[in-house]
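*Asks:* please find the sequence and the predicted model below.
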Amino acid sequence: MACPNGERQRECRASPRAARACGNGKRERSSDRDHRRDVISPRVRAALAYAAMYAAIGSMLPYMPLYYRSLGFSLAEVGTILALGALVGLLASPAWGSLSDRMRGSPRVLVAAAATALVGELVLAFVTEPLAVYLGAAVLGAGIAGVSPIVDARALETAGANRKGFGPLRAWGSASYIVAVLGTGVAVERNGLHTAFAILTVMLILTAIAGLALKPAARERPFQTASRPLRDAGRLFGPRGLGVFLMGAFLTWLGMSAVLTYTPIRFFEMGAGASIVGLGGAIAAGIEVPLMLRFPVLADRFGADRLLIAGSVLTAARGVVAALATDPAVLLAASIFGGLGFALFFIGGVTYVSQHVPPELAATAQGIFQGVGNSLAQVTAQALGGAVATLTSVAGLFAIAAGIGIVGAAIIGLAVRRTIAQPVPADSGKPDGGNADRRLDIA
């Protein structure tokens, strides 16, 4: 029985039994709201968010360098603009994650990040003065950097105790990326580069709409809220915690970023056209999808930590193949190693981090992993890669990137060796599959 307004509310206050009924009514209404929201399952909501987010990235990532070049910027200036966006993302990603954790996973944080990216994108689309371009790139980088770790954190909450269900969710992002990168390419060829901004605008709005549904249910939220998430997560990534793993991840990302950033230039050196550049990205993403879908099965058979190490090795292998390539076909073949490596390394890395941090630091930890690992690697690759390529050639840069990736794989192997030696069974009988034993103490 629920109390209506007015006279019945006074009866509720006067009678303890009626008051309990009123409380039950409130719980029933809250339950009804949760039920209505569960009409679309949490996993479907996370998959839709990934699809929208990576469609935005696919409509932007391959075409922004071309847009900057069309404005008259030199290659060095294009590298500086890209590095600026990545640098801002490096700082913004952990901050967005920390804010999300402080607000207990409120979807308003993700919406604010998407809105920030939208502002930066609109500045780039409509203002072409050099200072405005730099400002727009920085704001766009800040916004995009905040979306990914929050979506990852919410998706991991639906991925099962051992996080093995995360790969199939993330596969929706890669599938969406393929469609977006190819579709945007066709639209750009027909209607010009500004078409990419129109597609990006729509996808960012859809990402914000999908993000509104990603607020965790009350039963899924952590009971504790970290008062200082960045400080606490920083301790987790210290030398005695995940610091060694983060160093290996940074080196892996660095080798990967150097190859990805300068592969289009290498294609042009070989006489290949823009369509071949897009095809290389589509090949890599196309390989990622089935691997991500099958990641739970592969993890059960080989172990998620071993897949993480294998992914790091395969990204280094891409650098080796790219360095040896003398024609576009071989360079396209390198994309196969890139797709294999990225799928295993990214899903394995996100899973590894989530298993070693408490739930109240989930988004902050993912922000540090992706911000320090990925964004810092992009800044370094874009800032130094041009100078290295000038001294040694692009192929020489790829060889150096392969060596860096090999070192990164070795460090990651050292970081996770103890975990592999003492695996935690999925059916250990503990509420979280035993992962609590693997989490690090922030005290």
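*Replies:* Sure thing, it's come through.
*Asks:* in which helix or strand would I find the residue nearest to the spatial centre of the chain?
*Replies:* In the chain, the C-alpha nearest the mean C-alpha coordinate belongs to S148, at 4.1 Å (C-alpha atoms, centre = their mean). Following DSSP states H and E, the helix or strand that holds S148 is helix 130-156.
*Asks:* give me the helices and strands touching that helix, please.
*Replies:* When contacts are defined as 3 or more C-beta pairs under 8 Å, 6 or more residues apart in numbering; DSSP states H and E, helix 130-156 sits against helix 42-60, helix 75-102, helix 107-126, helix 166-191, helix 194-211, helix 328-355, helix 362-370. From N, CA and C alone the C-beta is placed, and that goes for glycine too.
*Asks:* hmm, back to that, so the residue nearest to the centre of the chain sits against Q370, correct?
*Replies:* Yes: using C-beta atoms under 8 Å, S148 is in contact with Q370, at 6.1 Å.
*Asks:* shared neighbours of those two, anything?
*Replies:* Shared contacts of S148 and Q370 (C-beta atoms under 8 Å, 6 or more residues apart in numbering): S93.
*Asks:* ok, back up a step: R154 is nearest to which of the helices and strands packed on helix 130-156?
*Replies:* Among the helices and strands packed on helix 130-156, the nearest to R154 by C-beta to C-beta is helix 42-60 (6.0 Å).
*Asks:* distance between the helix or strand following the closest one and the chain's centre?
*Replies:* Remark: after helix 42-60, the chain's next helix or strand is helix 64-70, criterion DSSP H and E. Put simply, helix 64-70 sits 24 Å off its chain's centre (C-alpha atoms, centre = their mean, to the nearest Å).
*Asks:* likewise for stretch 297-315?
*Replies:* Relative to the chain's own centre, stretch 297-315 is displaced by 18 Å; criterion: C-alpha atoms, centre = their mean.
*Asks:* which outside residues touch stretch 345-354?
*Replies:* Outside stretch 345-354, the residues touching it (C-beta under 8 Å, 6+ apart) are 152, 156, 163-164, 166-167, 170, 242, 245, 249, 252, 292, 295, 299, 304-305, 307-309, 311-312, 314-315, 362, 365-366, 369, 373, 416, 419.
*Asks:* try stretch 275-294
*Replies:* Residues external to stretch 275-294 that are found in contact with it (C-beta under 8 Å, 6+ apart): 62, 167-168, 170-171, 174-175, 177-178, 181-182, 185, 263-264, 267, 298, 328, 331-332, 335-336, 338-340, 342-344, 347.
*Asks:* hmm, back to that, can you put the helices and strands packed on helix 130-156 in a markdown table and add mean neighbour count, mean pLDDT and distance to A389?
*Replies:* Below are the helices and strands packed on helix 130-156 laid out as a markdown table (neighbours: other C-beta atoms under 10 Å; pLDDT from 0 to 100; distance: least, C-beta to C-beta, whole Å):
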| stretch | mean neighbour count | mean pLDDT | distance to A389 |
| --- | --- | --- | --- |
| helix 42-60 | 24 | 91 | 24 |
| helix 75-102 | 22 | 85 | 10 |
| helix 107-126 | 21 | 95 | 26 |
| helix 166-191 | 21 | 87 | 24 |
| helix 194-211 | 20 | 94 | 26 |
| helix 328-355 | 24 | 91 | 15 |
| helix 362-370 | 29 | 76 | 26 |
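*Asks:* turn those helices into a markdown table, columns for distance to I144.
*Replies:* Compiled in a markdown table, those are given as follows (distance: least, C-beta to C-beta, whole Å):
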| stretch | distance to I144 |
| --- | --- |
| helix 42-60 | 7 |
| helix 75-102 | 7 |
| helix 107-126 | 5 |
| helix 166-191 | 13 |
| helix 194-211 | 9 |
| helix 328-355 | 16 |
| helix 362-370 | 11 |
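*Asks:* for V388, which of those is the nearest?
*Replies:* Closest among these, once you apply C-beta to C-beta, is helix 75-102, at 11.8 Å.
*Asks:* other SSEs contacting the closest one?
*Replies:* helix 64-70, helix 107-126, helix 130-156, helix 229-236, helix 362-370, helix 376-392.
*Asks:* mind listing what Y50 touches?
*Replies:* 151, 155, 169-170, 172-173, 176.
*Asks:* if I look at it, how far off is T195?
*Replies:* According to C-beta to C-beta, to the nearest Å, Y50 stands 23 Å off from T195.
*Asks:* do the same with A310
*Replies:* From A310 over to T195 the distance is 39 Å, taken as C-beta to C-beta.
*Asks:* kindly report the same for A46.
*Replies:* Distance from A46 to T195, by C-beta to C-beta: 29 Å.
*Asks:* ok, now A153?
*Replies:* Counting by C-beta to C-beta, the gap from A153 to T195 is 33 Å.
*Asks:* assign K164 to helix, strand or coil.
*Replies:* coil (DSSP: H, G, I helix; E, B strand; the rest coil).
*Asks:* nearest residue to it other than its sequence neighbours?
*Replies:* P296 (3.9 Å; C-beta to C-beta, 6 or more residues apart in numbering).
*Asks:* can you count the residues close to the one you found?
*Replies:* By the criterion of other C-beta atoms under 10 Å, P296 has 21 neighbours.
*Asks:* give the contact list for it.
*Replies:* 164-165, 167-168.
*Asks:* would JSON lines of those residues with distance to L140 be doable?
*Replies:* Below are those laid out as JSON lines (distance: C-beta to C-beta, whole Å):
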{"residue": "K164", "distance to L140": "33"}
{"residue": "G165", "distance to L140": "31"}
{"residue": "G167", "distance to L140": "28"}
{"residue": "P168", "distance to L140": "29"}
